Structure formats: structure tokens, C-alpha cells
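**Student:** Got a sequence here, can you build the structure:
(one chain, ligands or ions: 1)
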Amino acid sequence: PETDLILRPYASRDLAAVYDICLRTADAGADAAHLYTDPWVLGHRYAGPYVALEPDFAFVLESSERVVGYVLGVPDSARFAAESQANWFSLLRPLYPLPTETDKSLDAQARRLIHAGCPAPDAPWLEQYPAHLHIDLLPQAQGRGLGRALMEALWAALRAADVPGVHLGVGAGNPRAHAFYTHLGFTELEKVEGRFWTLGYDLR
Ligand code: ACO
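**Tutor:** Take a look at the predicted model:
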């Protein structure tokens, strides 16, 4: 029941559930588990470094059964790019050899992400929107105001750290998430037609 759901800071015991939710929402918001041979590789890019390096900006939703959603943020994307490169991606690369160029599988694409790391956008707006985030809720938690609640928990943590704004990227194949962000007050920073939007939110 809804009353059993709590929003709390991330704890290290949540790691496997966070990786699982990452995979189960990775197909433009829908379950991608059947699309990957390696169930961990996406989490290594989009979840692991966030909770390992910036746990104070990670929040989860927990039901009586399990963790059903999260928001993972970093206050300073440029600093995170450098720290995740040095202390996360460089350690994983030997375990995920770069696939051949001809390998177009999703697993191969995800392994290339491990090699690309998490570079900060080279954009004039980065100073105003230095933070970034990922938010994912399992279907049973969606549409109940919990996405907004997670975002507000992250806003409070970012404001306490005096962060002026946050950006995020959303794929063109995920108009629902785009509409959610727009409803919350995000505005467009960049758009690559047919591929993705970059949106920003002012915290001051
Ligand atoms: N269109 C218009 N308004 C919307 C939409 C929509 N598609 N979705 C939500 N809203 C509005 C709600 O009506 C609500 O309005 P109110 O607070 O004024 O009453 C508000 O947005 C908050 O809605 P929530 O119920 O909190 O939204 P939800 O909990 O479903 O979270 C989210 C939205 C995060 C997109 C969730 O559905 C989800 O995790 N989907 C699957 C994974 C995903 O797509 N993640 C985003 C990937 S991109 C990234 O992480 C940067």
C-alpha cells in the first residue's frame, strides 16, 4: 500500500536494487532487461559512480518489499567528470574491453559508455546549471507524485550546497519524461532534433 512507501537517503545496501531499476527503466523509460546480456553494464555507467562518489545527493523510494525508485544527482558535473574518470571508469575499463567497431549490439554500445566516462557538457550554460541528475521509478511507483517528491529532496540537498541550477538529458524517445520535467519547470537548454533534449532548472 501507498502508505508503506518512504523516501530516504541512499544507503549502500540499496546498490543492487538501484542497478536493477536502472536497467528496468533504460528503454526510454521501459524495461530493458531483455535487451542486454550483461545486466550490470548500464548501472556501471548511470548508477554506480553516482552513489559511490556523491551519495549525499542520492535518494530512494522504499516500499515494504523493495526499493522502487531513485534520484541520483551530482552537484558539480565538471568535478564529477574528473573524479569518476579517476576513481570509477578507469578501474572498470580493464573489465570491459572496448568492442570492435563492427559490433553494434546494445551490450557493445554500453561498454563504449564505460570507455567514454561521464564528460561534462562543454557548454556556456554549465556555470548556471552545474549539477545533473538521473531519476527512475519502477512502473508501480510512477504517476503518484513520487517523482516530484524525489526531485524536491534533491533540490533541498543541492540548495544546501549552494548549487545554482541543474541540467539533465532526456531522449527523444521518452516524451513522457520530457513532459514531466517541463511540468516541473525545466526549460530547454539544447536540442538535437530526433535524438535528445538537454533541459535546465534554476535552483535560486
Ligand atoms: N505530462 C504532463 N505532466 C506530467 C507527466 C506527463 N507525462 N508526468 C507527470 N506529470 C506531472 C504530474 O501530473 C504531476 O503534476 P503535479 O505535481 O502538479 O500534480 C507532476 O508531473 C509529478 O508527477 P509524478 O507523479 O511525481 O511523476 P512520476 O512519479 O511518474 O515521475 C518519471 C516521472 C520520473 C518520468 C517516472 O515516470 C519514471 O521514472 N519513468 C520511467 C523512467 C524514466 O523515464 N526516467 C527518466 C529518464 S531521463 C533522466 O533520468 C535524466
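**Student:** Low-confidence ranges, the chain, go.
**Tutor:** 1-3 (pLDDT under 70).
**Student:** Skipping adjacent residues, who's closest to the residue sitting nearest the centre point of the chain in space?
**Tutor:** Nearest to the mean C-alpha position of the chain, by CA atoms, centre = their mean, lies residue 134 at 2.3 Å. Once flanking residues are discounted, residue 134 sits nearest to residue 72: 5.0 Å by CB to CB, 6 or more residues apart in numbering. Yep, even glycine has a C-beta here, placed from its N, CA and C like the rest.
**Student:** Roughly how far does that neighbour sit from residue 194?
**Tutor:** Plainly put, residue 72 is 27 Å away from residue 194 if you go by CB to CB, to the nearest Å.
**Student:** out of these two, which sits in the busier spot?
**Tutor:** More crowded of residue 72 and residue 194, by other CB atoms under 10 Å: residue 72, with 26 against 7.
**Student:** in the sheet, who's paired with the more buried one?
**Tutor:** residue 58, residue 134 (DSSP bridges).
**Student:** All the strands of this protein, residue numbers only.
**Tutor:** 6-9, 58-62, 67-74, 131-137, 165-171, 187-192, 196-202 (DSSP state E).
**Student:** Which of these sits closest to residue 124?
**Tutor:** strand 187-192 (9.5 Å; CB to CB).
**Student:** The closest one relative to strand 165-171, how many degrees between them?
**Tutor:** 40 degrees (axes from the mean of the first three to the mean of the last three CA atoms, to 10 degrees).
**Student:** Can you list the buried residues in strand 187-192?
**Tutor:** Within strand 187-192, the residues scored as buried using 16 or more other CB atoms under 10 Å are residue 189.
**Student:** Also stretch 105-125?
**Tutor:** Result for stretch 105-125 [16+ other CB under 10 Å]: buried residues 106-108, 110-111, 113-114, 117-118, 120-121.
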